[in-house]
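>>> okay, here's the prediction I keep looking at, along with the sequence it came from:
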Amino acid sequence: MIYSNEVIEQVRMANEIVALISSYLPLKQKGNNYFGLCPFHNEKSPSFCVSSERQIYHCFGCGASGNVFTFIMQTENYNFGEAVRFLAERANYTLPEFKNDEADKNLRYKNKLIEMNAVAARHFYHNLTDSQFALQYLFDRNISKTSIKKFGLGYAKSDLYNHLLAKGYEKKDILAAGLAVENKSGKILDRFFNRIMFPIFNIYGKIIGFGARTINDSKPKYLNSPETILFNKSTNLYNINLACKSKSKQLILTEGYIDVISVFQAGCENVCAALGTAFNIKHARLIKNHFDSVILLFDSDEAGIKAILRAIPILNSVGIESKVLQLPNAKDPDEYIKKFGSDSFKNLLKNSVNSFDFQVNNVKKKYDLNNPADKVKFTKETAQIISGLNDTIKKEIYINEISKSMQISSDILKNELDKFEPFEFKFENKKTNSQLPIDKAKSDFINIVAKNPDIYPQIEKYLSADDLGGGVYSKLLQLIYSFYDRSSDLNPATLINYFELPVEQSLAAEILNNDVAYDDIQKALTDIIKIIKKYNVAQKISAVSDMEDLKALLSEKKTIEHFEFRKD
């Protein structure tokens, strides 16, 4: 962290959470807590709860949780450092100068590369304004001057490396930013040449890389920045910074830079695209932090349909509603808008198809439903699609629909569902409480330990932080243990300070905010510790190859069965 834990805690304490959140939305007191309409999802009845005592918030509708830093990060699209500075300024708290430690050095280096990217983007933009040929290419694609400025588009010649050297940047940093390459003979060359440049911004509006499209027949057609300390195409989306500013809770997800700009120009600013890589779980989690639903607007060809069918279960796995829009008489959004106009496109968006119906209709095309054998195959494939849904209500509705249309018993269809494993991507869907048993055990264990400091001397010898498998769970338990070691009072909001990412803060807050109540804590801890220890042994058994090691693990598994926690 940039600032010490003491400074961060002082900033948090200087910003009372009820007063802070009340400046963003109306809150009404009910008992010891305050309630309002959640700012992170659409709702009619208030489910957003703010605890003055714990200094944290929790939405019972969408699961959003955290402290004052989390709230500012989610509402203002700030990173952790920016949230600390924002709240310090709000409270008239003077922050100390950065410490000269490793974290500060890394941050300064990242900022240096971000600054260099901004210099490169300005250079590309000036090249574009000086090149009638490159400008005409964009105008021919119906990209306006306003959009050129809005998206910071540019043109790469072969002069960037020397330009950056002249600005005082070093060779090693230019290479590290992915703006130049070194060939086998040691000569430094610009990575991008004779290409239209698309700056790629992170969610905070900082340029982290570039996408580039050739304007002649050279290959490859598209070229992105390489993986760098700033840029990872698997964790970012093109135009995520502007899409989040749209205030819409629905995202339009398309495939290319030009498609994004065309949709944006059509009046739909809530649009993004993946960066030359297949849509993945990390993309879905990024979207989940800012949007409730997605319209998949991919190309209408076979590759586009495959991409849609892959994206749907990934979105389902993180609890994001999805729809599909296929454009008639056009291969992509850019072509459709050129042919039929913005109004026609926006009207078409309203007719997006539910993703489940899209999947089922796609399966129907493969079979003749008048043929009994095909009917069986269709039902089995449809059952597999239903099994990928996290929402139990949706599952029930779709089971009934399919059973009626196929004229089979819903019980038979449910039995078929049981044959399929859940979708491979696991992520907690807070709206449906689909928490994995092992995660619930970890969460309950942390919660009990946090609320019962008297059991700490006995409990720490049975489960260490490492036993929780890393991540938020392990870090949170280690923090609690260290607080007890120092005889410090535990405050949920203080513990959350130690996490910088909103998704980690939210999970930590949800764990600490969970009101776990057991009549018999000793029995509860016995059961919970057994679950965690059995899970850990099972993980080791699945990876072991040595027979002696396997025997030892099986013996350990038997020992766990007889474990009993006793409070001395």
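Done, it's in.

>>> which of the three states applies to the nearest residue to residue 332 once chain neighbours are set aside?
Using Cβ to Cβ, 6 or more residues apart in numbering and skipping residues adjacent in sequence, the residue nearest residue 332 is residue 299, 5.1 Å away. C-beta: built from backbone N, CA, C; applies to glycine. Here residue 299 is recorded as coil under DSSP: H, G, I helix; E, B strand; the rest coil.

>>> could you check the pLDDT of residue 299?
The per-residue pLDDT reported for residue 299 equals 86.

>>> measure it to residue 177 for me?
Counting by Cβ to Cβ, to the nearest Å, the separation of residue 299 from residue 177 is 31 Å.

>>> so if I had to pick from these two, which one is more boxed in?
residue 177 (27 against 21; other Cβ atoms under 10 Å).

>>> that one: what's it in contact with?
113, 116-117, 120, 225, 228, 230 (Cβ atoms under 8 Å, 6 or more residues apart in numbering).

>>> quickly list the domain ranges of this structure.
5-90, 103-224, 237-357, 437-561 (automatic domain parsing).

>>> Throw these into TSV and include distance to residue 384, thanks.
Shown next, in TSV, are those (distance: least, Cβ to Cβ, whole Å):
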stretch	distance to residue 384
domain 5-90	27
domain 103-224	34
domain 237-357	10
domain 437-561	23
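
>>> pretty sure residue 21 contacts residue 72?
No: taking Cβ atoms under 8 Å as the definition, residue 21 is not a contact partner of residue 72, at 9.9 Å.

>>> out of these two, which sits in the more crowded spot?
The neighbour count for residue 21 versus residue 72, taken as other Cβ under 10 Å, is higher for residue 72 (24 against 21).

>>> how about that one: what's its closest non-neighbour residue?
Nearest to residue 72 is residue 83, by Cβ to Cβ, 6+ apart, at 4.3 Å.

>>> buried ones in the host helix or strand of that neighbour, by neighbour count?
In this structure, residue 83 sits in helix 80-90 according to DSSP states H and E. Within helix 80-90, the residues that count as buried by 16 or more other Cβ atoms under 10 Å are 80, 83-88, 90.

>>> repeat for stretch 217-224
Result for stretch 217-224 [16+ other Cβ under 10 Å]: buried residues 223-224.

>>> please renumber so the chain begins at 686
All right, first residue 686 from here; so that's stretch 902-909.

>>> can you map out the helices along the stretch 1136-1253 of the chain?
Secondary structure of the stretch 1136-1253 of the chain, counting by DSSP state H, counting those that start in this stretch: helices at 1141-1144, 1156-1170, 1177-1181, 1187-1198, 1206-1228, 1232-1246.

>>> so how far is residue 1251 from the closest residue to residue 727 other than its chain neighbours?
Nearest residue to residue 727, sequence neighbours excluded (Cβ to Cβ, 6+ apart): residue 934, at 6.1 Å. Going from residue 934 to residue 1251 by Cβ to Cβ gives 50 Å.

>>> more crowded one of the two?
A direct count of neighbours by other Cβ under 10 Å for residue 934 and residue 1251 places residue 934 higher, at 14 against 8.

>>> please list all residues in contact with the more buried one.
So residue 934 contacts 726-727, 976-978 (Cβ under 8 Å, 6+ apart).

>>> which SS state does residue 840 fall under?
Taking three-state DSSP, the label given to residue 840 is strand.

>>> residues contacting it?
With Cβ under 8 Å, 6+ apart, residue 840 has these contacts: 809, 812-813, 816, 819, 880-882.

>>> related to what we said a few turns ago, got the buried residues of helix 765-775 as a markdown table, with distance to residue 1123 columns?
A markdown table is the format used below for the buried residues of helix 765-775 (distance: Cβ to Cβ, whole Å):
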| residue | distance to residue 1123 |
| --- | --- |
| 765 | 28 |
| 768 | 31 |
| 769 | 33 |
| 770 | 38 |
| 771 | 37 |
| 772 | 35 |
| 773 | 39 |
| 775 | 40 |
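
>>> want to try JSON lines for those residues, with pLDDT and distance to residue 838 as columns?
Shown next, in JSON lines, are those (pLDDT from 0 to 100; distance: Cβ to Cβ, whole Å):
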{"residue": "765", "pLDDT": "84", "distance to residue 838": "31"}
{"residue": "768", "pLDDT": "88", "distance to residue 838": "31"}
{"residue": "769", "pLDDT": "90", "distance to residue 838": "34"}
{"residue": "770", "pLDDT": "88", "distance to residue 838": "31"}
{"residue": "771", "pLDDT": "89", "distance to residue 838": "31"}
{"residue": "772", "pLDDT": "92", "distance to residue 838": "36"}
{"residue": "773", "pLDDT": "91", "distance to residue 838": "36"}
{"residue": "775", "pLDDT": "89", "distance to residue 838": "36"}
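
>>> which of these sits closest to residue 1058?
residue 765 (57.7 Å; Cβ to Cβ).

>>> surely the closest one and residue 1182 touch.
No: between residue 765 and residue 1182 there is no contact under Cβ under 8 Å: 9.3 Å.

>>> what do the two both touch?
Between them, residue 765 and residue 1182 share these contacting residues under Cβ under 8 Å, 6+ apart: residue 754.

>>> the longest helix anywhere in the chain - contacts with which helices or strands?
Secondary structure of the chain read by DSSP state H shows that its longest helix is helix 787-815. Helix 787-815 sits against helix 817-825, strand 839-841, helix 845-851, helix 856-861, strand 880-886, strand 892-899, with contacts defined as 3 or more Cβ pairs under 8 Å, 6 or more residues apart in numbering; DSSP states H and E.

>>> redo these as CSV? Include distance to residue 1062.
Formatted as CSV, those follow (distance: least, Cβ to Cβ, whole Å):
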stretch, distance to residue 1062
helix 817-825, 48
strand 839-841, 51
helix 845-851, 56
helix 856-861, 53
strand 880-886, 43
strand 892-899, 41
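
>>> got these as JSON lines, with distance to residue 734 and mean pLDDT columns?
Putting those into JSON lines (distance: least, Cβ to Cβ, whole Å; pLDDT from 0 to 100) gives the following:
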{"stretch": "helix 817-825", "distance to residue 734": "49", "mean pLDDT": "95"}
{"stretch": "strand 839-841", "distance to residue 734": "47", "mean pLDDT": "97"}
{"stretch": "helix 845-851", "distance to residue 734": "51", "mean pLDDT": "96"}
{"stretch": "helix 856-861", "distance to residue 734": "46", "mean pLDDT": "94"}
{"stretch": "strand 880-886", "distance to residue 734": "34", "mean pLDDT": "96"}
{"stretch": "strand 892-899", "distance to residue 734": "36", "mean pLDDT": "95"}
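
>>> show me where pLDDT drops low in the chain?
By pLDDT under 70, the weakly predicted segments of the chain are 686-687, 783-789, 1075-1076, 1104-1121, 1173, 1200-1201, 1227-1230, 1252-1253.

>>> check contacts around the nearest residue to residue 1080 once chain neighbours are set aside.
Excluding the flanking residues, the one nearest residue 1080 by Cβ to Cβ, 6+ apart is residue 1074, at 5.1 Å. Residue 1074 makes contact with 1001, 1041, 1080, 1083, according to Cβ under 8 Å, 6+ apart.

>>> list phi and psi for the second one.
Looking back up the chat, that one is residue 1041. phi -60, psi -50 (degrees, to the nearest 10).

>>> quick one: contacts for the nearest residue to residue 960 once chain neighbours are set aside?
Among residues not flanking residue 960 along the chain, residue 918 sits closest, at 4.0 Å (Cβ to Cβ, 6+ apart). Residue 918 makes contact with 894, 909, 912, 959-962 under the criterion Cβ under 8 Å, 6+ apart.

>>> nice, that's everything, thank you.
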